[in-house]
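Enquirer: model this:
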Amino acid sequence: MIIEKRNRHHIRQLTSGSVLVGDSGPNGPTFPPADFYFGSPPGEALIGPIGEIYTYTIVHGSNAPSYALAMVDFPQDVRVFGRVVGDASRVQIGARATVVPFPRADGEDDYAFSVEEGR
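Expert: Predicted structure coming up:
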């Protein structure tokens, strides 16, 4: 059996907004998707674009601005961990979070979350 490496990104832009691209399996969607697979790749599961913050933490660096990390629950019954961009003081449990692109150091897009206004 041949082992293949996945060649798709974890985030995709749709007209409704950015969504996460996970794997679709017999027990429902999973994220992050597997980087390697045997034979044919699993189906895609689109997750998002809006979820609700389940829990979070604020990271305080000695020489860098504070930022938030959160676990976000999505309607597709998936909980995803990631960075929250923007003002960390706006992050709260139950707030609506939107999937947004987040540039990596190598220039590729990764994902992050943005807390929606009004919460």
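Enquirer: which element is encountered next along the chain beyond the helix or strand of the chain with the lowest mean pLDDT?
Expert: Least confident element among the helices and strands of the chain, by mean pLDDT, DSSP states H and E: strand 3-5 (a mean of 83). As assigned by DSSP states H and E, the chain's next helix or strand after strand 3-5 is strand 11-14.
Enquirer: which strands or helices does the very next helix or strand once past that next one pack on?
Expert: Downstream of strand 11-14, the next assigned helix or strand under DSSP H and E is strand 17-25. Other helices and strands packing on strand 17-25, by 3 or more CB pairs under 8 Å, 6 or more residues apart in numbering; DSSP states H and E, are strand 11-14, strand 28-30, strand 43-47, strand 96-103. To be clear about C-beta, it is placed using only N, CA and C from the backbone, and glycine gets the same treatment.
Enquirer: redo those strands as CSV? Include mean pLDDT and distance to Val80.
Expert: Shown next, in CSV, are those (pLDDT from 0 to 100; distance: least, CB to CB, whole Å):
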stretch, mean pLDDT, distance to Val80
strand 11-14, 92, 11
strand 28-30, 90, 10
strand 43-47, 92, 7
strand 96-103, 94, 9
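Enquirer: which one of the ones you listed lies nearest to Ala68?
Expert: Proximity to Ala68 (CB to CB) singles out strand 96-103 among the helices and strands packed on strand 17-25, at 10.1 Å.
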